[in-house]
Each structure stands twice: as structure tokens, then as C-alpha cells.
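> Curious how this folds, go ahead:
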Amino acid sequence: MFPTTRLRRLRTPVMKRMFSETKLSVDDLIAPLFVDENLTQPQPIPSMPGIQRETPKSVVDEAKELADLGIPALILFGIPKEKDETGSHAYGENDVVQNATRDIKAELGDDMMVITDLCLCEFTTHGHCGVVDYDTEEILNDPTLPILGKTAVSQARAGADMVAPSGMMDGMVASIRKALDQNSYSNIPIMSYAAKYSSSFYGPFRDAVDSGYAFGDRSTYQMDPANSNEAMREVEQDIKEGADIIMVKPALPYLDIIYRVKHEFNMPTAAYNVSGEYSMIKGAMDNGWLAEKAIIESLISIKRSGADVILTYFAKDVAINLIR
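Residues are numbered from 1 along each chain as shown. Down below sits the predicted model:
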């Protein structure tokens, strides 16, 4: 009790470094990259200041820069030249994600872990994450599963170190695990977007990959933001189906979910610091309303809540400027 106990004694700069309860390093970061096979020059994304779509050539250079900064992993999102109703360009041997994966691994090998986002929304004309019945405007769960399995195998064949299914289809992890195992890719881990909420914070991402939907929304397969116990059921199901890493998305509005997932399941846990979170903080910084240290404070909160790794568009900023 005061005055015997003075908590401020531990708040000198050196004491803070020595006794910080939560530490953030580049080893905690996964950098999202967008590769667009329609481009010959990188293209800035207006709603995400400082982030751009890469060309099939520049994405390799960007991956090299990330590796030079010590960032251990990236996750690839592709924008194809052609889209169709079933997203068939998600799984071709020479489609955009497969080519980018192959090129990055050829250049960097084990110096960069390449994770491939595994969803159909960037590849479908309707922008939904599964096969659609146009008569009812229903996103069909079960017919989507074999396509996800086929896509996972194609990504692994191209050299992906990990696949990350994000479509929130029931049974997706089991279907992908079975397809990988049957095609001699049993050592490829799955990082499942297990608790992915139907969130307003995805808006800039949809601009980045042209994945706005032609009708409805994604609330019939992504989670209700009001629900916490349901997230535990989603996570438990994905663990039973073979997920190696569990992801919560978004991160900042769902810190309580990250905490619950980590403490109830004690699994390797990822959190996606999504485009809207990035743009919100970056926009305030650009207007002088927030200091740059807000980046670290926000990421520390995600780590403190239980995330082992963070997917964040701030990865380069953190590696270059903020981690000492």
C-alpha cells in the first residue's frame, strides 16, 4: 500500500524494457500482399493509403523487401484476369496465386513463408465465397467444398507453405485436410479463418481485390458480430476437422473473442488486423489526429489479448520504424 508500494518505480525507460509483460516483434507479423495479373505497374489502393496491388513481377520484389526486414511470412491474395460463376481461376496451375507463389518461393525459398488465402470471392463474378443458386440467391455450402479442396491442392503444388481457408463454409477444413492428405500434402498446415465475422471493417479490402458482391451480403455464412459463444463452436469444429492454427477476424473489435479462443482452446492463434482497422488508424495519422505510436498500441492490444501472430498491413511500418 502507498507510500510503501510505489508502482511508478518500475516505469523508468529501462525498467519498462525489462519488465514489459507483452512484447511485439517482427516474428509476430504476417504481411498481406495483393497480386493483380492485369497490371504492368503497381497500383495504389485509394482506401488503404500506403498499400498497393502488386504486379506478378513486383510481388516478388515486395516479398524480398519483407524478407530483408525480417518479416517471416506473407499471405497472398490474387486478382485474376478472368472471373466466372464458380471461381475456376482459383485453382489453375498457372493462375495468379499459383504463379506468384511459385515465383516467390523460387526467389526466397525458406527465407519467406508463403501462406495462400483460400477463398473464391476474388475469383467469382458474383463476389461470394461459394457456389451460388441464382434462383434463390443462396450460397451453397456443400457444392463449394470440393472446389476449396481442389484449390488447396493447387496452391500446395505451387509451393505454398500453408493454406488459409477464409470462406466460412461448414466443413471446409475437413474437406481441405482430406484433399491435401490424399495428394501427398499431409505436412501442409491449415490456418483457418475459424471465427470470421460479418463485419463493416472489410470495406477497403473489397476495393483492393474487386470482391464486392453482386447481391445480398455475406451474413448467411460469416458470423453475427453480436455472438461470442457461437465463435467457440466454430473454432472447436475447425480444430476437430484438422485446423493447425485458428484465426479471429477482425481483430480490434473482437479482442474478447481472441482472448476466449486462446484461453479456452490453447491453440496457436492468429488475428487479422483488417483493412478497415488499418485505414481508420492510417487515415487519422495522415490527418495529424493520431501519433504513429498508435500503430504499436493497437497491435500490442491484439498480442496482449492472446494472438500469437498478427496479419497486418502495418507489417512494413512496424519493421522499418517502430520496433527497436
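
> following the least confident helix or strand in the chain by mean pLDDT, which helix or strand shows up next?
In the chain, the helix or strand scored least confidently by mean pLDDT, DSSP states H and E is helix 203-209, which has a mean of 76. The helix or strand immediately downstream of helix 203-209 is helix 229-241, counting by DSSP states H and E.

> Measure how far that next one is from the centre of its chain, please.
Centre-to-centre, helix 229-241 and its host chain are 18 Å apart (Cα atoms, centre = their mean, to the nearest Å).

> Can you mark which positions in that helix are buried?
Using 16 or more other Cβ atoms under 10 Å as the test for burial, helix 229-241 gives 231-232, 234-235, 237-239, 241. (Each C-beta comes from the backbone N, C-alpha and C, glycine too.)

> for the least confident helix or strand of the chain, packing partners?
Packing contacts for helix 203-209, counted by 3 or more Cβ pairs under 8 Å, 6 or more residues apart in numbering; DSSP states H and E, involve strand 73-79, helix 275-286.

> and those, which is most packed in?
Comparing the helices and strands packed on helix 203-209 by mean neighbour count (mean count of other Cβ atoms under 10 Å), strand 73-79 ranks first with a mean of 23.

> partners of that one in the sheet?
Strand 73-79 sits in its sheet next to strand 29-36 (parallel), strand 113-118 (parallel), going by DSSP bridges.

> okay if I get these as a markdown table plus mean pLDDT?
Conversion of the strands paired with strand 73-79 to a markdown table gives the following (pLDDT from 0 to 100):
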| stretch | mean pLDDT |
| --- | --- |
| strand 29-36 | 97 |
| strand 113-118 | 97 |
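
> Can you tell me which of those is nearest to Ser20?
For Ser20, the closest of the strands paired with strand 73-79 is strand 29-36, at 17.6 Å, according to Cβ to Cβ.

> residues in contact with that closest one?
With contacts defined as Cβ atoms under 8 Å, 6 or more residues apart in numbering, strand 29-36 is touched by 43, 45, 51-56, 59, 62-63, 66, 71-79, 96-97, 100, 115, 208-209, 270, 309-313, 315-316, 318-319.

> Distance check, Tyr272 against Ser228.
Tyr272 sits at a distance of 18 Å from Ser228 (criterion: Cβ to Cβ, to the nearest Å).
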